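Peer 1: Kindly generate the corresponding structure for this input.
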Amino acid sequence: MESPKHRNGPLRINLLIFGSLFILVLSYFYWQIYQSRQAFEAHVGEHANLVSEVVATNLTSTQLSLQVIEKVVTSFLANTARFVGYLDEIEPFTADELTGYIEENGLAGILIYRQGQPMVMAPDNWFTMAQGREYHQQQLVHLAQQHLYVLICPDPDQQRTIVLGLPSQSIEQLKQQMEVPQLLKALSQLSGIAHLRLEAASSLGSVPINIHERHLPMGDKTVVLEIESELLSEREAELWHQFLLFSSLLAIAAVMLSWVLQRYQNRHTSYLLGLQLELAQQREDASLGRAAATISHEVRNPLNAISMGLQRLQLEAKDLDDDHQALIRAMGDAVQRTNGIVVGLQRFAQPLQPHLQTIDVDQKIRHIIALYRPQAEKQQVAVACTMESIHWRIDDELLGLLLENLVKNALEAQPSGGFVHVVLQRQGDEMVVIVENGIDEVLSHIDECLEPYYTTKTRGTGLGLTMVRKIAVAHGGEVMLDQPDSDCFRVQVSFPLKEVV
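Peer 2: Residues are numbered from 1 along each chain as shown. Have a look, this model is predicted:
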């Protein structure tokens, strides 16, 4: 018989394979998670690089734009200052004339300072400058609080300084639109970017769990780029779902295959056990057969000699009285019974090789019952039959021996009256012969009745039912014993149908 280690080998291999598959799936899952995070990091890096380039480009553009604007303002105010100076040389301006000129040209104010003379200003107090201060170069000043661009134009030749003011609200608004915070606000509207802000490097705080943050240094400040990680979370959740689904299917497949393998292993083990039991039974039958053959051979010769001696005494000893004649006849009967036992042993010892031929089974049963009916009537045993008409391929002699053993066993079990019921019928693809008879005891180990030399009767060899089973097995059939009631014993013999007519 296979050892438990060998019996569990396929199951262990199955578990090892599915365990390896599970580890492989788990490794692939974590690799997918790693790849997703790497892709997300690359995506964040691309966004950061894009934002950094856009901000840098915007800063450069802003600086260039402001320089151009200041040059334009300077040029405009310088030309205006020269024209005002020209007019002032022809006829000095009064405050009222400056007011009219300012309104006509959209200026914020004009101041004319003549060395050694009072200043002329319109409107009043729009600009203050130290008296006696000398400006040797043209200078543009942005007064953010007053929202003014002021151009100071000294004229050393004329010992005069002209100061012009231009409103700067529009330019300041344009400058504000071009600054980094406004740009970051516009970039925050892009898909995937949660927020962009400009903070001091020392004021950076914690990051929400669903936000991925990247810091872009910008001078003494830092541009904080916050990227939504919702797509990464959704991808990881989808991978988890796929992993759990596939793992569940893998676990179900492993359980089902393990169950199938276990069933197969159990059936295979049962099959091997059956073969071992059958082999042991065959060895036991062979040993019993050899012993029976030896015994029958050694016993039959003396029995023949005794039988011949008794027959000679009956023929030659005419002067024997009746008592001696009865004794000789009793001895002859005993020899005949002993010879019957020997014949049974010889039949049991011989190997069975059925010679199949088609016979009328129900007629065969009726013939056997007719042979034993006188004995049944003598023992007051009622015999009944329930039979279908069946033609079947079987060994005629072995079938007769089987039926004789069944009927004889049923009659011997009821020496003082009872019943015998014989049934012949089809059950699917089998032909079944059932013999029921009365019994006056409950058999606790009913299957032992099929063992050789086992008997509950005072007379008999215990080979009748054993021979029945041997004949049935030789034809591919089986024998089942049953005691449906305490006073009924049933023998059921099943044969596979070889040919049905």
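
Peer 1: Tell me, how many residues neighbour residue 98?
Peer 2: 21 (other C-beta atoms under 10 Å). Quick note: C-beta positions are derived from backbone N, CA and C, even for glycine.

Peer 1: Tell me if I'm right that it and residue 120 touch.
Peer 2: Yes - Residue 98 is in contact with residue 120 according to C-beta atoms under 8 Å; the separation is 6.3 Å.

Peer 1: Overlap in contacts, these two.
Peer 2: Here residue 98 and residue 120 have residue 112 as joint contacts, going by C-beta atoms under 8 Å, 6 or more residues apart in numbering.

Peer 1: Specify which residues of the stretch 151-300 of the chain, grouped into ranges, have pLDDT under the cut-off.
Peer 2: Per-residue confidence for the stretch 151-300 of the chain (pLDDT under 70) gives these ranges: 158, 180, 183, 186-232, 285, 288-289, 292, 296-297.

Peer 1: Try it again at 90.
Peer 2: Scanning the stretch 151-300 of the chain for pLDDT under 90 picks out the ranges 152-162, 168-300.

Peer 1: just the helices in the stretch 401-501 of the chain please.
Peer 2: Secondary structure of the stretch 401-501 of the chain by DSSP state H, counting those that start in this stretch: the helices cover 464-474.

Peer 1: Give me the below-cutoff pLDDT ranges for it.
Peer 2: Ranges of the stretch 401-501 of the chain meeting pLDDT under 90: 401, 409, 412-417, 426-430, 438-467, 469-470, 473-474, 483-487, 496-501.

Peer 1: ok, which stretches of it are strands?
Peer 2: Assignment of strands within the stretch 401-501 of the chain using DSSP state E, counting those that start in this stretch yields the ranges 418-427, 430-438, 478-485, 488-496.

Peer 1: Not counting its neighbours along the chain, what's nearest residue 143?
Peer 2: Counting by C-beta to C-beta, 6 or more residues apart in numbering, residue 143 lies nearest to residue 150, which is 6.0 Å off, once chain neighbours are set aside.

Peer 1: still on that earlier bit, export the strands of the stretch 401-501 of the chain to JSON lines and tack on distance to residue 139?
Peer 2: Formatted as JSON lines, the strands of the stretch 401-501 of the chain follow (distance: least, C-beta to C-beta, whole Å):
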{"stretch": "strand 418-427", "distance to residue 139": "125"}
{"stretch": "strand 430-438", "distance to residue 139": "125"}
{"stretch": "strand 478-485", "distance to residue 139": "125"}
{"stretch": "strand 488-496", "distance to residue 139": "125"}
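
Peer 1: closest to residue 261 out of those?
Peer 2: Of all these, the one in closest proximity to residue 261, counting by C-beta to C-beta, is strand 478-485 (29.4 Å).

Peer 1: other SSEs contacting the closest one?
Peer 2: The criterion is 3 or more C-beta pairs under 8 Å, 6 or more residues apart in numbering; DSSP states H and E, and the helices and strands that strand 478-485 contacts are helix 464-474, strand 488-496.

Peer 1: angle of it against strand 430-438?
Peer 2: Angle of strand 478-485 versus strand 430-438, following axes from the mean of the first three to the mean of the last three C-alpha atoms, to 10 degrees, is 40 degrees.

Peer 1: in strand 478-485, what counts as buried?
Peer 2: With burial defined by 16 or more other C-beta atoms under 10 Å, the residues of strand 478-485 counted as buried are 479, 480, 481.
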